[in-house]
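Colleague: Sequence and predicted model, in that order:
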Amino acid sequence: QQPRSTLVVAEHVPDTATVPLSEFVAGNVTPRSTLTTDGSAGYRRSPRLTVNHGVGEYVRGPAHTNGIESF
C-alpha cells in the first residue's frame, strides 16, 4: 500500500452556481484521490465519499469531515 498524504487547498469561490465546485476539484485533486465532503450540492459532479450533517450523520465508514472542520 502506498503512503497516504493529505493536502488542503483553500480558495474563495464567491458563487458556486456560476463556478461549479467540480471545476475547482478537477483543477486541484489528482485523479486517484479520495475526496471526502459533506452533502453540499456544489460537489455533486465530483466522485466522493459523503456524510450528511443534515440528518445528524458525521461519520460513514471511512468518510468524515472532522479533520477539515478543524482547518
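Modeller: That came through fine. Residues are numbered from 1 along each chain as shown.

Colleague: Would you mind measuring from the closest residue to residue 28 other than its chain neighbours to residue 32?
Modeller: Leaving aside its chain neighbours, residue 28 sits nearest to residue 9 (4.7 Å; criterion: CB to CB, 6 or more residues apart in numbering). (C-beta placed from N, C-alpha, C; glycine too.) Here the criterion is CB to CB, to the nearest Å. By it, residue 9 lies 16 Å from residue 32.

Colleague: which of the two has more neighbours?
Modeller: residue 9 (9 against 6; other CB atoms under 10 Å).

Colleague: Could I get the full set of helices for this protein?
Modeller: 21-28, 66-70 (DSSP state H).

Colleague: would you list those helices in a markdown table and tack on mean neighbour count and mean pLDDT?
Modeller: Shown next, in a markdown table, are those (neighbours: other CB atoms under 10 Å; pLDDT from 0 to 100):
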| stretch | mean neighbour count | mean pLDDT |
| --- | --- | --- |
| helix 21-28 | 14 | 81 |
| helix 66-70 | 10 | 72 |
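
Colleague: And these: which comes nearest residue 38?
Modeller: helix 66-70 (9.2 Å; CB to CB).

Colleague: remind me which residues of this protein are low pLDDT?
Modeller: Residue ranges of the chain with pLDDT under 70: 1-6, 18-19, 45.

Colleague: For the residue nearest the centre of it, give me its contacts.
Modeller: With distances taken as CA atoms, centre = their mean, the residue of the chain nearest its centroid is residue 37 (3.4 Å). Taking CB atoms under 8 Å, 6 or more residues apart in numbering, we find residue 37 in contact with 43, 46, 48-50, 65.

Colleague: now the strands for this structure?
Modeller: Per DSSP state E, the chain carries strands over the ranges 36-37, 49-50, 59-60, 63-64.
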